[in-house]
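In: Sequence first, then the predicted structure:
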Amino acid sequence: MINNDELHDEIGDNHIASCATNPVREDAFDITDDEKIEKIKKDVESILLTLGMDLTDDSMKGTPNRVAKMFVKEIFGGLNPAKKPKASTFDNNYKYGEMLVEKNITLYSTCEHHLLPIIGRAHVAYISNGRVIGLSKMNRIVEYYAKRPQVQERLTMQIVQELQKALGTEDVACVIDAKHLCVNSRGINDIESSTVTSEFGGKFKDPQARREFLDYIKLETKF
Ligand SMILES: [Zn+2]
């Protein structure tokens with residue numbers, strides 16, 4: 001008989017997500033960011049004290065507060081729907097009807113199973129059906145969904161779904177190539193391996209469009 005802790009260890013160790021949306025509770029935003037920072041500060045303090053750290057040491061004195069602020073304001077700041085970037089779109093006046101690829105978007109996220117960094121690149125593409133979106137908005141959408149405890153597959157799908165909604169087209173694709181420090185720096189300790197996930201919507205399901213997108217990703221950018 002496998003007990004619950006073992007089952008949950010197994011799920012986390014294998015990086016399996018249990019749902020397509022982030023498992024956020026209904027009451028997640030009942031308290032303010034500042035109240036969260038105060039609570040997390042005490043929690044981090046407690047973890048460090050349990051580990052035996054001397055928190056009167058000058059170097060560590062500020063750590064609980066620093067970590068709490070970083071959790072709420074930075075690395076998990078994308079949990080709050082109020083912080084979702086406005087994805088304003090514009091008329092495609094110049095009638096550009098080909099694929100647009102925004103590649104090598106820097107990605108910093110956090111694995112929800114180990115709370116360790118996921119570092120990599122996201123490549124996003126769409127084919128306009130009349131609307132276009134600002135280039136930096138694509139980076140911002142990636143950043144917003146990355147700043148949560150995440151699973152790479154879910155993150156890839158969320159980026160595609162958000163752009164599909166904003167652009168009013170199914171023709172959106174995303175590929176993410178990322179290193180998970182929970183794999184690279186502990187556990188199996190494989191520093192070389194990376195994880196590639198992809199989501200191809202609409203016209204990108206066509207092998208030729210998919211190939212074109214993947215070929216653009218491989219282009220070396222010289223300037
Ligand atoms: Zn992990």
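Out: Cool, got the structure.
In: can we go C-alpha only for contacts and neighbour counts from here?
Out: Fine.
In: Now do the lengthiest helix in the chain: everything it contacts.
Out: The longest helix of the chain (DSSP state H) is helix 33-50. Residues outside helix 33-50 that contact it (C-alpha atoms under 8 Å, 6 or more residues apart in numbering): 55, 64, 65, 67, 68, 69, 72, 73.
In: Tabulate those residues (a markdown table), appending neighbour count.
Out: Listed next are the contacts of helix 33-50 as a markdown table, based on neighbours: other C-alpha atoms under 10 Å:
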| residue | neighbour count |
| --- | --- |
| 55 | 15 |
| 64 | 22 |
| 65 | 19 |
| 67 | 18 |
| 68 | 23 |
| 69 | 21 |
| 72 | 20 |
| 73 | 16 |
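In: Show me the two of the residues you listed that sit farthest apart.
Out: 55 and 73 (22.9 Å; C-alpha to C-alpha).
In: Can you point out the buried residues in stretch 55-64?
Out: For stretch 55-64, burial by neighbour count (16 or more other C-alpha atoms under 10 Å) applies to 63, 64.
In: Output it as CSV, restricted to C-alpha atoms.
Out: What follows is stretch 55-64 as a C-alpha-only set of coordinates in CSV (Å, rounded to 0.1, in the frame of the first residue of the first chain):
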residue,chain,number,x,y,z
LEU,A,55,19.2,34.6,12.6
THR,A,56,21.0,37.2,14.7
ASP,A,57,23.9,36.9,12.3
ASP,A,58,24.1,40.1,10.3
SER,A,59,24.2,38.3,7.0
MET,A,60,21.0,36.4,7.7
LYS,A,61,19.0,38.9,9.7
GLY,A,62,17.2,40.2,6.7
THR,A,63,16.7,36.9,4.9
PRO,A,64,13.2,36.1,6.0
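In: outside of that stretch, which residues touch it?
Out: The contact list for stretch 55-64 (C-alpha under 8 Å, 6+ apart) reads 40, 41, 42, 43, 44, 45, 48, 49, 54.
In: and which of those is nearest to the ion?
Out: residue 44 (19.8 Å; C-alpha to the ion).
In: Against the ion, how distant is the residue nearest the centre of the chain?
Out: By C-alpha atoms, centre = their mean, the chain has its centre lying nearest to residue 146, at 2.1 Å. The gap separating residue 146 from the ion is 14 Å, by C-alpha to the ion, to the nearest Å.
In: model confidence over the longest strand anywhere in the chain, on average?
Out: Taking DSSP state E as the criterion, the chain has its longest strand at strand 99-111. Averaging pLDDT along strand 99-111 gives 97.
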